[in-house]
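[1] next come a sequence and a model predicted from it.
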Protein chains: 2
Amino acid sequence: MITESRLDQKTKTRKRLIDMALKLSAVKGFAALSLREVTAAAEITPAAFYRHFRDMEDLGLSLLDEVGISLRRMLREARNRVRPGPDSVDVSVQTFLEFLNDNGNLFRLLLGERQGASSAFRKALHIEMDRFVGELTEDLQKNHEKAELPLRNYGYAAEAIVAVVFTVGAEALDLPKHKQVNLAERLTEEVKMILRGSLLRTEGKPTKKRST
Amino acid sequence: MITESRLDQKTKTRKRLIDMALKLSAVKGFAALSLREVTAAAEITPAAFYRHFRDMEDLGLSLLDEVGISLRRMLREARNRVRPGPDSVDVSVQTFLEFLNDNGNLFRLLLGERQGASSAFRKALHIEMDRFVGELTEDLQKNHEKAELPLRNYGYAAEAIVAVVFTVGAEALDLPKHKQVNLAERLTEEVKMILRGSLLRTEGKPTKKRST
DNA sequence: TGTTTCAGTATACACATGTATACTGAAAAG
DNA sequence: CTTTTCAGTATACATGTGTATACTGAAACA
């Protein structure tokens, strides 16, 4: 009853398409990637492309799914590794950089297509990022609940951290691995700085406007 | 003796090319932009393109120059407007968002081509961003010199702030103006948070661990 | 004035693109 | 063993692409 071999082959080809698209888009950007290039790299005929995706945008969205899955895997891994404590930031940053090196192309896609892509694309991307921020917010809250800060603080901190992490990540992608050490330190410092800032109560500056 | 009219015309066409490229690249990304599209939008023949640029990459670099010039203009303006004080962040953020709305396309280019473009492109982009961070670092230093922090702190803070500002900026671009109010507040809070964090002395030894 | 310069045009070409159509051949189903 | 299904092929076509070549006509110049 095990019906596999054929569907299996298709899945494999699909994966090849996705992998190649990822690889190629890292070089020249997904937007500037043609259907024929992808099929050529995956070693199938252009027309066969349509057995798997409606068009390039469809492929792109599948690519984003891949990104999401990988990101969540990374998060889970990081959560397992990192126990709350003085070194949590160091460990997290290290985990992140490892992920970055293993999944450079996924990451490039995430950063590169934030602008420029279709709106469906951007939307999917935002959802992915928001989920990321959300989970980080939760973690921060759990690790610092004794501080009893207003909820928003954790959210702000999470957003700022994600912004910094991704920005530095983009830079790291252009660097050989041995030159990333500085970045790691810088990133760690900046994250700690943000955390420090978030854990401070805002001094009473009750202006007429809302200002925390 | 005033020899203008001809050179003038050329300059005008060049500007039209640049403007159109900027406009179109906002929609579909610069990488996915063809020479013919640009010339069509600028209402000249494809071949005439070569009177102005060697190729699309050349145009792209000129575009980046535009971005740099505008960014620096914004910075100068912000400097004039903002006097050190409790509200400096609010004013800066507001200035930034105004700039964002006036120069959405420049900004899109800056964000969109961070990945994906040619390496010459990325390099030019990094230089532009670094200059931005550099000037912000200086400003921070000047405004907080009494704090007498290690120099690095200002750099870190500047980098983190730029990362956050640009990330939020990217989001703001997708929003109608009246929905940007929340973002403005969020951005202000996050920047203040970073500043607070940076102005704290790191406890203990500077080299080894031991922090939050 | 006549001559030169040169931004922009007209045309053409070889090539890449997305997609439609009919096909093949092997695995799956009966 | 025969039939059906369907991933992938072969071929074709209209359209878009970058670029080369010869040109035009008006401004610049002398």
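    Yes, it's here.

[2] those residues of chain A touching DNA strand C, which are they?
    A:3-7, A:34-37, A:46-47, A:49-50, A:55-56 (C-beta under 7 Å from any atom of the strand). From N, CA and C alone the C-beta is placed, and that goes for glycine too.

[3] by neighbours, which of these wins?
    Neighbour counts for those (other C-beta atoms under 10 Å in any protein chain shown) peak at A:Phe49, which has 21 neighbours.

[4] now do the lowest-mean-pLDDT helix or strand in chain A against helix B:104-112, angle only.
    Every helix and strand in chain A was compared by mean pLDDT, DSSP states H and E; the lowest is helix A:104-112, with a mean of 84. Counting by axes from the mean of the first three to the mean of the last three C-alpha atoms, to 10 degrees, helix A:104-112 lies at 170 degrees to helix B:104-112.

[5] picking up where we left off before, among the residues of chain A next to DNA strand C, which are within reach of DNA strand D?
    Near DNA strand D, judged by C-beta under 7 Å from any atom of the strand, the entries from the residues of chain A next to DNA strand C are A:Arg6, A:Pro46, A:Ala47.

[6] may I see the residues you listed organised as TSV, with distance to B:Gly104 added?
    TSV is the format used below for these (distance: C-beta to C-beta, whole Å):
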residue	distance to B:Gly104
A:Arg6	50
A:Pro46	36
A:Ala47	39
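
[7] returning to what we had before: helices or strands next to the next helix-or-strand element following the least confident helix or strand of chain A in the packing?
    Later in the chain than helix A:104-112, the nearest helix or strand by DSSP states H and E is helix A:119-143. Applying 3 or more C-beta pairs under 8 Å, 6 or more residues apart in numbering or on different chains; DSSP states H and E, one finds that helix A:119-143 contacts helix A:56-81, helix A:104-112, helix A:151-173.

[8] how far off centre is stretch A:186-197?
    19 Å (C-alpha atoms, centre = their mean, to the nearest Å).

[9] C-alpha coordinates for it, PDB please?
    Taking C-alpha atoms only, stretch A:186-197 is exported to PDB below (Å, rounded to 0.1, in the frame of the first residue of the first chain):
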ATOM      1  CA  ARG A 186      29.000  44.300  19.100                       C
ATOM      2  CA  LEU A 187      25.700  42.600  18.800                       C
ATOM      3  CA  THR A 188      25.800  41.200  22.300                       C
ATOM      4  CA  GLU A 189      26.600  44.600  23.700                       C
ATOM      5  CA  GLU A 190      23.800  46.300  21.800                       C
ATOM      6  CA  VAL A 191      21.300  43.700  22.900                       C
ATOM      7  CA  LYS A 192      22.400  44.100  26.500                       C
ATOM      8  CA  MET A 193      22.200  47.800  26.200                       C
ATOM      9  CA  ILE A 194      18.600  47.600  25.000                       C
ATOM     10  CA  LEU A 195      17.700  45.200  27.800                       C
ATOM     11  CA  ARG A 196      19.200  47.500  30.300                       C
ATOM     12  CA  GLY A 197      17.200  50.400  28.900                       C
END
